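**Q** here is my input, please return the structure:
(one chain, ligands or ions: 1)
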Amino acid sequence: DLIVDDDRTSITVPALKQAILDNLFYVVGKRAEVATDMDHFMALAYTVRDRILARWLTTKGDYVKHHMRTVHYLSAEFLMGPHLANNILNLGLQEAVRQATSELDLDLDLLIKQESEPGLGNGGLGRLAACYLDSLATLGVPAMGYGIRYEYGMFHQTIRDGWQVELTDYWLRYGNPWEIRRPQADVEVAFGGHTQSWRDPFGEYKVQWIPGEVVKGIPYDTPILGYRSGVANTLRLWRSEATESFYFERFNSGDYEGAVGAKVFAENISKVLYPNDEEIRGKELRLQQQYFFTSCSLQDMIRRHQNAGHAIENFHELCVVQLNDTHPSIGVAELMRLLIDIHGLGWDKAWEITSHTFNYTNHTLLPEALERWPLPMFGSLLPRHLEIIYEINARFLSALRERFPNDEDRVARMSLIDEHGERYVRMAHLACVGSEHINGVARLHTELLKSDVLHDFYELWPEKFINVTNGVTPRRWLAVSNPEQTELMISKIGQDWIGDLDRVSQLERYAEDSAFRADWRNVQYAVKVRLTQYIANTTGIAVDPKSMFDAQVKRIHEYKRQHLNLLYILTQYQRLKKTPGLEIPARTFLFGGKAAPGYFIAKLIIKLITSVAEVINNDPEVNQQLKVVFLPDYNVTFGQLVYPAADLSEQISTAGKEASGTGNMKFAMNGALTIGTLDGANIEIREAVGHENFFLFGLTAAEVAAKKAAGYHPHQIYESNGELREVIDSIVSGQFSRGDRNLFRPLVDGLLNTDPYLLFADYQSYVDCQDQVGKAYSDQEGWSKMSIYNAARMGRFSSDRSIQEYCRNIWNITRFGVDAPQ
Ligand SMILES: CCc1ccc([C@H](C)CC(=O)N[C@@H]2O[C@H](CO)[C@@H](O)[C@H](O)[C@H]2O)cc1
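**A** Numbers count the residues shown, from 1 in each chain. A predicted model of the protein is given here:
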């Protein structure tokens with residue numbers, strides 16, 4: 001085995017201290033006297049990485065040696081967050097590292113803050129991929145994450161004059177200690193050009209793709225260490241580079257652009273993450289990105305399969321792929337191309353392998369988020385793939401016509417090609433036809449996929465559909481983010497729950513223990529004080545940690561209804577203005593979230609939040625009872641501060657719109673109570689924690705559909721509900737916009753005329769429910785009891801449970817937990 005006990009792997013405090021100093025000197029190249037906090041962070045990061053390497057290389061070796069069936073998670077986004085604290089926890093070195101750093105007069109928390117987080121994702125989908133990598137390694141499942149190493153990640157958000165402003169995220173500015181560049185494992189990816197076909201001497205139909213451009217994919221590997229499992233899997237992220245970074249002959253002929261054109265074209269591909277969440281923008285570069293990383297990954301998988309001595313014919317027996325939404329679904333056509341054009345298999349064999357390799361997870365019901373590529377663009381960028389998709393479609397539709405004769409409407413609905421307008425390739429259909437399993441991410445969501453968005457495919461292949469409700473890793477979202485609550489829990493029920501969250505149920509019996517409830521409140525208060533300081537430092541706003549922290553942090557989107565939350569805040573404001581000294585528990589409303597740069601209404605919602613905050617926070621008549629804070633640049637690091645500190649979690653999307661949600665799980669695990677609709681995973685959280693420990697309001701998904709079908713007239717509700725009318729009128733009165741009556745007009749007109757997300761229909765139910773929340777909070781003993789029940793009953797929402805379900809029901813991976821050294 002590779003485990004050696006030397007100065008680069010020893011975990012004793014003296015060895016760690018020496019290693020930090022050695023790495024500072026030999027790797028960072030700095031003397032301690034002149035080293036900055038960033039230098040010390042780097043030295044510590046390399047010290048921690050050293051202690052991961054042996055596990056990493058051992059794991060790799062074992063997977064090959066034992067011919068382990070391996071899952072490959074293909075995702076355009078991995079929202080990993082900062083690695084240092086998480087790796088220290090998973091190595092079981094929290095005490096030792098804290099000791100070593102303090103003996104070197106280093107402040108560990110300050111060093112942890114130096115790490116710029118790899119923001120290689122937009123939101124839910126990207127963060128779920130990161131949680132799943134942690135659980136795969138913790139459970140010892142042979143797995144690899146494949147994605148794109150964007151040079152610029154998710155933009156940084158700053159607020160100027162109340163408006164969101166996007167700033168470039170140059171996360172690699174100081175370098176990334178956790179990755180290893182693997183130039184020898186590069187692959188080539190082709191684009192454009194044309195195809196030519198012929199019959200070989202045996203009459204076989206052969207096709208060759210003559211590409212227009214070829215770029216190189218260089219992999220960067222990051223170890224993903226499991227929690228105390230001794231297993232470290234790999235996250236392989238691809239960077240695009242030019243095959244030839246400089247064409248001298250073009251330069252000599254004066255074609256300077258041409259000389260570097262290829263370099264620019266190539267490097268542009270992995271340059272920047274598209275900051276759109278739930279809305280396609282149909283840009284060609286986005287399709288280039290998707291094809292680039294998918295082709296790199298599949299070529300790499302085949303190469304590793306063959307290098308391990310396996311035949312291409314049994315590729316699907318040892319390799320399984322999970323498509324994280326449709327973003328990598330071009331992979332279905334790409335694997336067919338590789339198997340047929342490169343490895344010489346016949347169509348049927350290639351299809352048998354392909355259709356048993358892929359599985360597809362859908363993460364959204366929003367029609368505007370379902371990817372479809374204009375055929376002309378698709379055909380010019382990927383001419384060979386379009387041919388293959390036509391062939392897949394022809395065979396699929398003829399099988400369909402056999403199964404459902406004389407039903408050309410169904411054929412048109414299910415075809416991979418949308419024949420309308422300039423014609424489109426429907427990526428979700430390609431994913432469904434080419435996958436063995438199709439899953440939604442929460443029970444209601446999967447039911448709606450079966451009954452609505454993918455109903456035709458469900459009718460054809462009911463056996464392919466299965467639900468796997470999302471989960472989140474309790475390592476980062478509890479043990480790392482909330483050490484106070486973690487310590488209290490460990491003092492009562494030990495620490496096994498960190499690796500097996502079902503064990504938190506042992507906490508239930510303490511809910512009835514008033515002494516424990518007092519400890520629980522003290523912990524909550526300490527965590528809130530930490531966030532209070534962060535808020536003061538970043539916004540200058542003073543909030544009261546004794547007030548109720550009511551938090552809504554997630555991407556800004558109309559279906560998530562941040563503006564419904566605002567309608568309640570304005571209702572309370574008006575009530576307090578009318579009745580000064582009204583008895584309501586002081587509440588601090590916390591908002592966080594980025595808007596896609598091109599999403600005007602979402603940006604206007606941010607402006608309304610900051611404008612309302614401005615007025616309320618500076619109104620002495622109310623600002624002891626009401627405070628509103630918009631915290632800029634919501635990301636993983638910030639999430640780790642807010643999820644533990646919240647008392648109330650806002651999960652108020654229009655029922656039937658939020659596929660699952662994962663923030664809802666992070667809040668409840670940390671003892672926050674939820675106010676929410678019967679949407680996504682809220683339904684399952686409410687079942688788990690008990691209806692009495694959940695604040696429910698609003699229409700169900702079925703009621704939403706019925707109301708829309710019956711004709712919905714939001715204006716009538718505006719006229720019939722006095723409080724609502726006053727609130728809406730105040731928004732266009734200029735009261736929150738320095739007299740400008742038009743600023744928020746687009747938002748208000750949308751609500752008065754169409755209100756597509758039924759804010760008015762849910763307004764009264766929401767306001768009444770929020771009033772109940774206020775009453776409940778004034779009974780602190782009762783609140784603590786409910787909070788403990790929430791934390792104690794969230795075992796099921798660990799990403800470990802989700803991954804075990806994927807292994808059992810989708811990936812057919814039964815052998816895991818290799819006998820890696822503990
Ligand atoms: C093409 C642009 C684009 C980019 C990202 C997406 C993602 C699918 C959006 C997303 O993150 N969806 C969220 O996925 C989470 C993980 O499953 C769910 O918990 C959220 O409910 C869902 O909104 C759609 C479209």
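
**Q** how many neighbours does residue 314 have?
**A** A count of nearby residues for residue 314, using other CB atoms under 10 Å, gives 11. Bear in mind the C-beta positions are built from the backbone N, C-alpha and C, glycine included.

**Q** likewise for residue 192?
**A** 15.

**Q** from what I see, it and residue 209 are in contact.
**A** No. Residue 192 lies out of contact with residue 209 (CB atoms under 8 Å); the separation is 9.7 Å.

**Q** quickly list what's touching both of these two.
**A** residue 383 (CB atoms under 8 Å, 6 or more residues apart in numbering).

**Q** what helix or strand does residue 655 sit in?
**A** Under the criterion of DSSP states H and E, residue 655 resides outside all helices and strands.

**Q** let me see the contact set for it.
**A** Residue 655 neighbours (CB under 8 Å, 6+ apart): 677, 678, 679, 698, 699, 700, 701, 703, 704.

**Q** quick check: it vs the ligand, distance?
**A** 13 Å (CB to the nearest ligand atom, to the nearest Å).

**Q** mind checking pLDDT for that residue?
**A** If you check residue 655, the pLDDT there is 98.

**Q** for it, phi and psi?
**A** Dihedral angles of residue 655 (phi, psi; degrees, to the nearest 10) stand at phi -50, psi 130.

**Q** what's the distance between residue 225 and residue 133?
**A** For residue 225, the distance to residue 133 equals 10 Å [CB to CB, to the nearest Å].

**Q** again, but for residue 653
**A** Applying CB to CB to residue 653 and residue 133 gives a distance of 26 Å.

**Q** not counting sequence-adjacent ones, nearest residue to residue 546?
**A** residue 586 (7.1 Å; CB to CB, 6 or more residues apart in numbering).

**Q** next, count neighbours for the one you found.
**A** The number of residues near residue 586, taken as other CB under 10 Å, comes to 16.

**Q** got phi/psi on it?
**A** Residue torsions, per degrees, to the nearest 10, at residue 586 are phi -60, psi 140.

**Q** and for residue 764, nearest residue in space, chain neighbours not counted?
**A** Distances taken as CB to CB, 6+ apart place residue 721 nearest to residue 764, at 6.4 Å, with adjacent residues excluded.

**Q** burial measure for the one you found, as a count.
**A** Neighbours of residue 721 (other CB under 10 Å): 16.

**Q** what about the residue lying closest to residue 539 once chain neighbours are set aside, which SS state?
**A** Spatial nearest neighbour of residue 539, chain neighbours left out: residue 629 (6.1 Å); criterion: CB to CB, 6+ apart. When classified by DSSP: H, G, I helix; E, B strand; the rest coil, residue 629 comes out as strand.

**Q** quick one: residue 629 and residue 375, what's the gap?
**A** Here residue 629 is placed at a distance of 47 Å from residue 375 (CB to CB).

**Q** who's more crowded, those two?
**A** With neighbours defined as other CB under 10 Å, residue 629 and residue 375 compare such that residue 629 has more, 21 against 18.

**Q** that one reaches residue 543, doesn't it?
**A** Yes. Using CB under 8 Å, residue 629 is in contact with residue 543, at 6.4 Å.

**Q** okay, and the common contacts of those two?
**A** Common neighbours of residue 629 and residue 543 (CB under 8 Å, 6+ apart) are 535, 588.

**Q** next one: stretch 467-484 to chain centre, how far?
**A** 13 Å (CA atoms, centre = their mean, to the nearest Å).

**Q** ends of it, how far apart?
**A** 34 Å (CA to CA, to the nearest Å).

**Q** touching the ligand at all, that stretch?
**A** Yes. Judged by CB under 6 Å from any ligand atom, stretch 467-484 and the ligand are in contact via residue 470.

**Q** report the buried residues of that stretch.
**A** 467-484 (16 or more other CB atoms under 10 Å).

**Q** swap in stretch 800-811?
**A** Per 16+ other CB under 10 Å, stretch 800-811 contains these buried residues: 800, 801, 802, 803, 804, 805, 806, 807, 810, 811.

**Q** how about CSV for those, with pLDDT added?
**A** Listed next are the buried residues of stretch 800-811 as CSV, based on pLDDT from 0 to 100:
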residue, pLDDT
800, 98
801, 98
802, 98
803, 98
804, 98
805, 98
806, 98
807, 98
810, 98
811, 98
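
**Q** I'd guessed residue 72 sits against residue 143; true?
**A** Yes. Applying CB under 8 Å, one finds residue 72 in contact with residue 143, separated by 7.3 Å.

**Q** who's more crowded, these two?
**A** The neighbour comparison of residue 72 against residue 143 (other CB under 10 Å) goes to residue 143, with 29 against 24.

**Q** which residues are in contact with the more buried one?
**A** Taking CB under 8 Å, 6+ apart as the test, what residue 143 contacts is 70, 71, 72, 73, 133, 136, 137, 233.

**Q** try 6 Å
**A** Residues in contact with residue 143, defined by CB atoms under 6 Å, 6 or more residues apart in numbering, are 71, 136, 233.

**Q** the helix or strand hosting residue 615 packs against which elements?
**A** For residue 615, the host element (DSSP H and E) is helix 600-617. The elements that helix 600-617 packs onto, with contact taken as 3 or more CB pairs under 6 Å, 6 or more residues apart in numbering; DSSP states H and E, are strand 163-167, helix 562-578, strand 626-631.

**Q** can you do 8 Å?
**A** Where contact means 3 or more CB pairs under 8 Å, 6 or more residues apart in numbering; DSSP states H and E, helix 600-617 is packed against strand 163-167, helix 562-578, strand 626-631, helix 745-753.

**Q** give me whichever of the ones you listed is most buried.
**A** strand 626-631 (a mean of 23; mean count of other CB atoms under 10 Å).

**Q** which residues touch that strand?
**A** So strand 626-631 is contacted by 159, 535, 538-539, 541, 543-544, 547, 553, 569, 572-573, 576, 586-592, 606, 609-610, 612-613, 616-617, 638, 642 (CB under 8 Å, 6+ apart).

**Q** swap the cut-off to 7 Å and go again
**A** Here strand 626-631 makes contact (CB atoms under 7 Å, 6 or more residues apart in numbering) with 159, 535, 538-539, 541, 543, 547, 569, 572-573, 576, 587-592, 606, 609-610, 612-613, 616-617, 638.

**Q** who does it pair with, and is each partner parallel or antiparallel?
**A** Strand pairing for strand 626-631, determined by DSSP bridges: strand 587-592 (parallel).

**Q** can you list contacts of the partner strand?
**A** 543-544, 547-553, 562, 569, 609, 626-631, 634, 638, 642.
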